[in-house]
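Visitor: Output the structure for:
(2 chains)
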Amino acid sequence: MFRDKAPWWAYVAILLTSIGAVLPLAWLFLLSLDPNQGIASGSGVYSLKNYASVIFQSMMAQYFLNTTIVALFTVLCTLTCATLGAYAASRYRFPGRETIMIGLLLASMTPVIAVLVPLYALAAKLQLLNTYSILVIVFTAWQLPGTLWLLRSFMNSIPPELEEAALVDGCSRAGAFVRIVLPQLVPGLLAAGLIVFVYVWNEFIIAVSLAAKQDMRLVSVGLYFYLSDFGVEWGKIAAGAIVSIIPPAILFLFLQRQLIHGLSAGAVK
Amino acid sequence: MNTIVSRASPYLLLTPAAVIIFAITLYPIVNLFWIAFHATNYFQIGSFNAGANFFSLFNASGMRSFVATAIFVIASDVLALSLAIFLALLLEAPLRNRGLLRTVVMVPWLVSQVVTALLWQAMLDANFGPLAHLAQVMFGVSFAPLGNEFGAMASMVIANVWRSYPFALVLMLAALQSIPSEMYEAARIDGATRWQEFRYISLPMAGQTAMVVLILLTFEYFTLVTIPFIMTSGGPNEATYLLSLRVWREAFTNYHFGYSAAAGVVVFCLNLVLALVYIRKFAVKGGADVQR
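Guide: Residues are numbered from 1 along each chain as shown, chains lettered A, B, ... in the order given. You can find the predicted model right below:
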């Protein structure tokens, strides 16, 4: 509607939205620098004391490690299973293919909250509560359908002629996959990996239900418990929140182009 | 032999994914229904109690959850979708620094639900929050939105929309951009007004995507727990005690697993209806469109 010419009030409207989008975070950053937190903000004193105490005197470092481990293993499991499945769904014709794909899609729409109680009981029975394994398994299950669909449409956009040529030349199916499909799949894998990593990094309700023990918490869970463990110390919570935003922000910054490329090749309209 | 292997191989390749997904979603769903129809005592699942768990869901307190969920979902849907469409229309215009503006507007996308909830809780704090401070200094009134029923719900909706509109905006922007310029030019030549361009070109062409966005947002809002969990804990006076939060609290705070499972069954069934509508209407036709 405004493709040829911006209305005069466009800048005003966008500026207001930008302020609304960024100002709360800017305020959070100021709060994290305020050592006299709990009193009215803007005392004019700034220091990195909150950051020092979050990094050195709380278990935040441990939570970062936990989250990184869980996120990396989740990415690995999700990408492996999804790539195998996507290859089957993209390169083979077999009875029930679309039914399986729709079934996966339906499974991915299961509300997390509805299955938490049975999952908790299951984890308790298998003695997997408060372990990395249960988080990796559940997160993987949750990210698999979407990743599989994404990688399949990505693979559909890679022409099969090259593989067929390789097969004719005596390459095995696995060999053709590794030498020809996989290298072309890299942008899709990067995009999917980024989405999964950030999902794990920001996930809260599964993590707080299945791994709330003090030394097994993920970053988001640790931030929440900061309130109850240390009292309402907003300056430190703000510092922790700012620190927790940094890894996904950096990943997005560096992988932005791959993300857009990977997603658009996957034919997301 | 060789043909058997190659016939079986697609199934074998799909097996790891299928096993994990069904073990973590399908099995727990069956289990959920089982628990929901039985009396429970902590982890002990007792005798079949013929839907008694469901009856207690429809008492006065339970009904408040249905109402709160409906208000929360509808208000968030309307605000997030209209904001996304409005911004997408503007961000299509030839603005100076358009790339930068698009990025800045997307910033809240990076922020997790936990940080969103903590951030807005702090911003709206009645004692030291900046808004309360401003209200006190400028108008001499106290400002405690999280302390009253309407304010708490409004705060939660605002925090939720703040975090989730960028996702809707990305999809709407992509949909608008795929409309060919010739259509607008032809309309311009025929003397169409801006409003007519929106009404007869943008809206019909991007309407399908708007529906998809609306459904995806509804999925997310309907099962959202983290924001009410942290910001309001369902209060004051259960005004923000969403159905999904009730499922969590009844299980993990009160240890009423049967009651929680019954609420979970209701959430699951409502969600399933939405999912089936979505898949029938969009996924089968559009193929890859459904990807987030």
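Visitor: that's a helix at residue B:179, yeah?
Guide: No - judged by DSSP: H, G, I helix; E, B strand; the rest coil, residue B:179 forms no part of a helix; its state is coil.
Visitor: What is the burial count for it?
Guide: By other CB atoms under 10 Å in any protein chain shown, 17 other residues sit near residue B:179. (C-beta placed from N, C-alpha, C; glycine too.)
Visitor: what's it in contact with, if anything?
Guide: B:201-202, B:205-206 (CB atoms under 8 Å, 6 or more residues apart in numbering or on different chains).
Visitor: same thing with residue B:205?
Guide: Taking CB under 8 Å, 6+ apart, we find residue B:205 in contact with B:175-176, B:178-179, B:183.
Visitor: Stretch A:172-192 spans what distance, first to last residue?
Guide: 27 Å (CA to CA, to the nearest Å).
Visitor: Would you mind listing the buried residues in that stretch?
Guide: By neighbour count on 16 or more other CB atoms under 10 Å in any protein chain shown, the buried set for stretch A:172-192 is A:176-177, A:180-181, A:185, A:187-192.
Visitor: Show me which pair in those is furthest apart.
Guide: Pairwise distances across the buried residues of stretch A:172-192 peak at 23.1 Å for A:176 and A:191 (criterion: CB to CB).
Visitor: Run through the stretch 101-250 of chain B and note the low-pLDDT ranges.
Guide: For the stretch 101-250 of chain B, no stretch is flagged by pLDDT under 70.
Visitor: Kindly recompute the last result at 80.
Guide: B:127-128, B:140, B:142, B:235 (pLDDT under 80).
Visitor: what are the ranges of the helices in it?
Guide: Taking DSSP state H, counting those that start in this stretch as the criterion, the stretch 101-250 of chain B carries its helices at B:113-123, B:130-134, B:149-177, B:181-189, B:194-197, B:203-222, B:226-231, B:243-252.
Visitor: How about the stretch 101-250 of chain B: which residue is closest to chain A?
Guide: Closest contact between the stretch 101-250 of chain B and chain A, by CB to the nearest CB, is at residue B:112 (3.5 Å).
Visitor: ok, that residue touching residue A:218?
Guide: No - under the criterion of CB atoms under 8 Å, residue B:112 makes no contact with residue A:218, lying 10.5 Å away.
Visitor: Pick out whichever of the two has more residues nearby.
Guide: Between residue B:112 and residue A:218, counted using other CB under 10 Å, the more crowded position is residue A:218 (29 against 23).
Visitor: separation between that one and residue B:73?
Guide: Applying CB to CB, to the nearest Å, the value for residue A:218 to residue B:73 is 27 Å.
Visitor: and what of residue B:98?
Guide: In this structure, residue B:98 and residue B:73 are 32 Å apart, going by CB to CB.
Visitor: So for those two, which sits in the more crowded spot?
Guide: The neighbour comparison of residue B:98 against residue B:73 (other CB under 10 Å) goes to residue B:73, with 22 against 15.
Visitor: For the more buried one, which non-adjacent residue is closest in space?
Guide: Nearest residue to residue B:73, sequence neighbours excluded (CB to CB, 6 or more residues apart in numbering or on different chains): residue B:221, at 4.6 Å.
Visitor: What of residue B:251?
Guide: Among residues not flanking residue B:251 along the chain, residue B:260 sits closest, at 3.7 Å (CB to CB, 6+ apart).
Visitor: Hmm, residue A:238 is touching residue A:51, no?
Guide: No - counting by CB under 8 Å, residue A:238 stays clear of residue A:51, with 9.8 Å between them.
Visitor: So the two - more neighbours on which side?
Guide: Counted by other CB under 10 Å, residue A:238 and residue A:51 do not tie: residue A:238 has more neighbours, with 27 against 19.
Visitor: Give the next helix or strand downstream of the helix or strand harbouring residue A:137.
Guide: Using DSSP states H and E, residue A:137 sits in helix A:132-156. Using DSSP H and E, the next helix or strand after helix A:132-156 towards the C-terminus is helix A:161-168.
Visitor: What helices and strands are in contact with that following helix?
Guide: helix A:173-176 (3 or more CB pairs under 8 Å, 6 or more residues apart in numbering or on different chains; DSSP states H and E).
Visitor: For residue 30, grab the count of nearby residues.
Guide: Just so you know, I chose chain A. Other residues close to residue A:30 by other CB under 10 Å number 15.
Visitor: right idea, wrong chain: chain B
Guide: Close neighbours of residue B:30, defined as other CB under 10 Å, add up to 10.
Visitor: May I ask you to confirm that it belongs to a helix?
Guide: Yes - counting by three-state DSSP, residue B:30 is located in a helix.
Visitor: still on that earlier bit, now do the shared contacts for residue A:238 and residue A:51.
Guide: residue A:32.
Visitor: tell me which element residue 63 falls in.
Guide: Going with chain A. Following DSSP H and E, one finds residue A:63 within helix A:60-91.
Visitor: my bad, chain B
Guide: Here residue B:63 sits within helix B:60-91, counting by DSSP H and E.
Visitor: Over to residue B:47?
Guide: Per DSSP H and E: strand B:44-48 holds residue B:47.
Visitor: Next, the residues that contact that strand from outside, please.
Guide: With CB under 8 Å, 6+ apart, strand B:44-48 has contacts from B:34-35, B:37-40, B:257-258.
Visitor: Following element in sequence after that strand, please.
Guide: Heading C-terminal from strand B:44-48 (DSSP H and E), you reach helix B:52-57.
Visitor: Please, a ChimeraX command that selects the buried ones among the contacts of residue B:179?
Guide: Paste this into ChimeraX to select the buried members of those, with burial taken from 16+ other CB under 10 Å:
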select /B:201,202,206
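Visitor: what's the most distant pair in the contacts of residue B:179?
Guide: Greatest spatial distance among these (CB to CB): B:201 and B:206, at 9.1 Å.
Visitor: Counting neighbours, what do you get for residue A:229?
Guide: Residue A:229 - counted by other CB under 10 Å - has 12 other residues nearby.
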